[in-house]
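Asker: build the 3D model from these lines:
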Amino acid sequence: MIREHLFPRAPTADKWFRWRGGNVSRIEALTDVIFAFAITLLVVSLDAPRTTAEMWEAVREVPAFLVSFAMLLMLWFFHYQFFRRYGLEDGPTFFLNAGFLFVVMIYVYPLKLMFSFLVRQAAGWPIEVAGPDGGLVPMVTRADAQGLMLFYSTGCALVFLLLALMHVHALRRRDDLELDAIEIHLTKAMLAAHLIVVAVSLASILLATLGERQAAWAGMIYFLLWPLEFGYGYRNGKKLDRMVAETNAEGG
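Answerer: Below is the predicted model:
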């Protein structure tokens with residue numbers, strides 16, 4: 001019942017959603033291991049510096065690692081929130097989660113390379129690295145940029161699509177989960193937020209397929225996520241406030 005929201009029943013960080021997940025499931029435990037391994041892959045290429053030059057070269061990778069780490073942490077939180085809210089462990093959830101983890105593992109590679117290149121370029125640092133023969137080679141050539149954006153955007157689209165499909169599945173199980181009106185609203189809101197990322201990623205893929213010159217635009221289009229997500233979140237928050245006010249009025 002919607003009146004259940006009038007009484008404390010969930011952590012303050014998720015005050016309008018009753019957490020149905022109990023103890024950490026085996027699916028969640030496996031996910032934690034995969035994310036830990038993915039984070040390890042971000043730094044596995046960084047050997048301990050033996051000279052000051054190597055040390056400063058390693059320091060240049062810190063901003064890219066920070067951004068990549070933050071993005072993986074965001075994905076982990078979305079996964080954590082889903083399993084805390086719904087506590088699903090059925091077949092569809094297992095297979096969607098398996099696909100999600102597989103994509104995350106692959107997503108790490110273009111994620112680190114792209115942000116390492118962008119940070120170096122923005123900071124005016126060298127964008128050449130040691131090649132197989134010991135000479136310097138560009139991190140990303142103009143010809144490679146198109147493929148890199150296609151790889152990155154495909155991974156981004158897939159990982160958020162799988163998160164969206166997990167929420168679609170939760171909505172299909174709404175009666176079994178006994179989701180009330182506010183919880184259904186929040187589930188649909190999270191679903192829409194994930195689909196916004198999917199839509200922008202698909203637009204990036206489309207731009208990247210148009211040719212090498214559009215590769216830069218394929219990356220810049222991700223800046224649209226800020227106003228799109230903020231605008232949707234603001235409108236969604238207003239609707240949630242109205243629903244809570246109606247709930248309080250009914251309770252009064």
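Asker: tell me the gap between stretch 155-164 and the middle of its chain.
Answerer: Offset of stretch 155-164 from its chain centre (C-alpha atoms, centre = their mean, to the nearest Å): 8 Å.
Asker: what ranges does this protein have for its strands?
Answerer: 128-130, 136-138 (DSSP state E).
Asker: residue nearest the centroid of the chain?
Answerer: Most central in the chain under C-alpha atoms, centre = their mean is residue 75, positioned 3.7 Å from the mean C-alpha point.
Asker: quick one, what contacts that one?
Answerer: 35, 104, 159, 163 (C-beta atoms under 8 Å, 6 or more residues apart in numbering). In short, each C-beta sits where N, CA and C put it, glycine included.
Asker: name the nearest residue to the first one, sequence neighbours excluded.
Answerer: In this structure, residue 35 finds its nearest non-sequential neighbour in residue 76, 5.0 Å apart by C-beta to C-beta, 6 or more residues apart in numbering.
Asker: likewise the third one?
Answerer: Of all residues not flanking residue 159 in the chain, residue 103 sits nearest, at 4.7 Å (C-beta to C-beta, 6+ apart).
Asker: wait, that neighbour sits on residue 158?
Answerer: Yes: Residue 103 lies in contact with residue 158 (C-beta atoms under 8 Å); the separation is 4.7 Å.
Asker: residue 112 - how many residues pack around it?
Answerer: 20 (other C-beta atoms under 10 Å).
Asker: quick one on the thing from earlier: residues in contact with the residue nearest to residue 159?
Answerer: Counting by C-beta under 8 Å, 6+ apart, residue 103 has contacts 155, 158-159, 162.
Asker: what does the pLDDT read for it?
Answerer: At residue 103, the model reports a pLDDT of 92.
Asker: how about the one 4 residues further on?
Answerer: pLDDT recorded at residue 107 is 87.
Asker: touching, it and residue 156? I think so.
Answerer: Yes: between residue 107 and residue 156 there is a contact under C-beta under 8 Å: 7.2 Å.
Asker: hmm, back to that, any idea how far residue 29 is from the residue nearest to residue 159?
Answerer: 19 Å (C-beta to C-beta, to the nearest Å).
Asker: now do residue 143
Answerer: 42 Å.
Asker: run through the stretch 101-250 of the chain and note the low-pLDDT ranges.
Answerer: Scanning the stretch 101-250 of the chain for pLDDT under 70 picks out 122-139, 141.
Asker: any buried residues in the longest helix seen in the chain, and which?
Answerer: If you go by DSSP state H, the chain has its longest helix at helix 91-123. Across helix 91-123, burial judged by 16 or more other C-beta atoms under 10 Å covers 93, 96-97, 99-101, 103-104, 107-120.
Asker: then stretch 159-174?
Answerer: Those would be 159-170, for stretch 159-174 by 16+ other C-beta under 10 Å.
Asker: for residue 240, state which of those is nearest.
Answerer: residue 167 (16.4 Å; C-beta to C-beta).
Asker: quick check: closest non-adjacent residue to the closest one.
Answerer: Per C-beta to C-beta, 6+ apart, closest to residue 167 is residue 191, 4.1 Å.
Asker: over to residue 184?
Answerer: Distances taken as C-beta to C-beta, 6+ apart place residue 174 nearest to residue 184, at 6.1 Å, with adjacent residues excluded.
Asker: the one you found and residue 68, how far apart?
Answerer: On the measure of C-beta to C-beta, residue 174 and residue 68 end up 35 Å apart.
Asker: how about residue 235?
Answerer: 31 Å.
Asker: next one: residue 40
Answerer: Residue 40 is 12 Å from residue 68, by C-beta to C-beta.
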